[in-house]
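Student: The following block contains a protein sequence and its predicted model.
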Amino acid sequence: MTTTPAKGAAAHTAAALALGDDALVLSHRLGEWAGHAPVLEEELALANIALDLLGQARVLLSMVGDEDELAYLREERAFRNLQLVEQPNGDFAHTIARQLYFSAHQYLLYGELASGDGPFAPLAGKAVKETAYHRDHAEQWTLRLGDGTDESRARMQRAVDALWRHTGEMFQPVEGLDVDWPGLEAAWLERIGEVLRRATLTVPEGPRTGAWAAGAGRQGLHTESFGRMLAEMQHLHRSHPGATW
Amino acid sequence: MVTTLTPLEAELLELAGSVPDPELPVLTLRELGVVRAVHAHGTDAVEVELTPTYTGCPAVEAMSLDIERVLREHGVREVTVRRVLAPAWSTDDITDEGRRKLREFGIAPPRARTASGPVGVELGPTRTRATRPGDEPLPVRCPHCGSAETELLSRFSSTACKALRRCLACREPFDHFKEL
């Protein structure tokens, strides 16, 4: 690749923020389940997945700046995460659908980055092993809810339908990541299709990006609930700069 | 990995490796396989390479502080603990002695991984039983009664590195250090 050092550095920063913000924001959303999960095992599972993602975010953000400043002092428009990961938890089925879509994507993406020799290979090689468990967790729940009672099936279908429109954004190329995006998308569609069919669910058919611009998180455009999430995530640090315990 | 250690580095590596794990104090960091290397620059400044079990493992900070304290007590003036990610830590890095101690502590040790690369976690049965070698993946045995008939309750337990299982023979729940 022929890039000037300055352009290469900018691309590296953009890529680290994209991956790091995905992990940070989803980690925070999953953390919101603490104390509210339907059973104790899920309380632990969601918190553990959140912890894995937070660890990934810390490594990625530290590659390009001060992790606390980046997490707590950026404005909404400076975040580069996918709109998918910022979507509210909704009911448990919505959280599982978000996990299903994102973990399948992250597993494939990290797998590809791990096999390369780019700057993200060490982190990706480490994180892909954790993501394998996240994906497994989401797939097992998708099967259980989809192929479950009428109520659980209806809720799981509603959730996969509702979040479908946010999934196209995962395959928009990110500057600084040397990835076969169309190949990634094809593998993702195959995996998700297989899981949904086994769960007796219908694979959504609606558009995966839209004229109404679902999927511009990488450009800093976010959905309404993200501002409220950031306010909660950042207020302690902003109110008490430098506080520790 | 073949590296030449000076006698001082070998001694310091032994010391750093003797630090107990903050969450599983029955294990030392050497038995857990997380201390990768020690580089001594002269006799005063030492750098220790530490790898996390999981990227977000909160115990890494306590491990670093413990290593620093132990080496300082040994007279090293300047200790730097550097976190390294590659090659990624695997449960295969836990020593045989470490596995034995885990079992005694009531935690089923990880099974040996068969291939490199990501763990093949796939949808499948959550129960295990004793089978002929080669038929199926090795069962996870109950650390209390040794039965191979156990079932998965949750992929995630008290820490990220453990899964929660239950023995179908003695009915005791137990932690399983899951393969990574």
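Tutor: Received the coordinates, thanks.

Student: When you work out contacts or count neighbours from here on, use the C-alpha atoms and nothing else.
Tutor: Fine.

Student: Show the pLDDT at A:Thr244.
Tutor: Note on A:Thr244: pLDDT of 79.

Student: go on, B:Phe174?
Tutor: pLDDT at B:Phe174 comes out at 94.

Student: which residues does it bridge with?
Tutor: On the basis of DSSP bridges, B:Phe174 is bridged to B:Arg165.

Student: Surely it touches B:Gly106?
Tutor: Yes - counting by CA atoms under 8 Å, B:Gly106 is a contact partner of B:Phe174 at 6.9 Å.

Student: The two: which is more packed in?
Tutor: The neighbour comparison of B:Phe174 against B:Gly106 (other CA atoms under 10 Å in any protein chain shown) goes to B:Phe174, with 23 against 15.

Student: Domain-wise, how is chain B divided?
Tutor: B:7-83, B:95-177 (automatic domain parsing).

Student: that older thread, which neighbours do B:Phe174 and B:Gly106 share?
Tutor: Common neighbours of B:Phe174 and B:Gly106 (criterion: CA atoms under 8 Å, 6 or more residues apart in numbering or on different chains): B:Pro143.

Student: nearest residue to A:His166 other than its sequence neighbours?
Tutor: A:Leu84 (5.3 Å; CA to CA, 6 or more residues apart in numbering or on different chains).

Student: wait, what's in contact with the closest residue to chain B within chain A?
Tutor: Chain A approaches chain B most closely through A:Gly55 (3.4 Å), counting by CA to the nearest CA. For A:Gly55, the contact set (CA under 8 Å, 6+ apart) comprises B:54-57.

Student: of all the residues in chain A, which ones are close to chain B?
Tutor: Within chain A, the positions near chain B by CA under 8 Å from any CA of the partner chain are A:41-42, A:44-45, A:48-49, A:51-56, A:122-123, A:125-130, A:132-133, A:136-137, A:139-140.

Student: And the residue of chain B most remote from its centre, what's its pLDDT?
Tutor: What lies farthest from the middle of chain B is B:Gly42; by CA atoms, centre = their mean that is 30.8 Å. B:Gly42 is assigned a pLDDT of 82 by the prediction.

Student: can you give me the strands in chain B?
Tutor: If DSSP state E is used as the criterion, the strands of chain B fall at B:35-41, B:45-50, B:78-83, B:107-108, B:127-128, B:150-154, B:162-167, B:173-177.

Student: Include distance to A:Val25 when you put the ones you listed into a markdown table, please.
Tutor: Below are these laid out as a markdown table (distance: least, CA to CA, whole Å):
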| stretch | distance to A:Val25 |
| --- | --- |
| strand B:35-41 | 31 |
| strand B:45-50 | 27 |
| strand B:78-83 | 24 |
| strand B:107-108 | 33 |
| strand B:127-128 | 34 |
| strand B:150-154 | 24 |
| strand B:162-167 | 24 |
| strand B:173-177 | 28 |
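
Student: worst average pLDDT in these?
Tutor: Among those, strand B:127-128 scores lowest, with a mean of 68.

Student: before we move on, the earlier item: out of the domains of chain B, which is closest to A:Glu205?
Tutor: The closest of the domains of chain B to A:Glu205 is domain B:95-177. By CA to CA, the value is 25.1 Å.

Student: Can you pull the poorly scored residue ranges out of the chain?
Tutor: You didn't pick a chain, so chain A it is. A:1-5, A:209-215 (pLDDT under 70).

Student: wait, I meant chain B there
Tutor: Using pLDDT under 70, chain B drops low at B:1-3, B:114-137.
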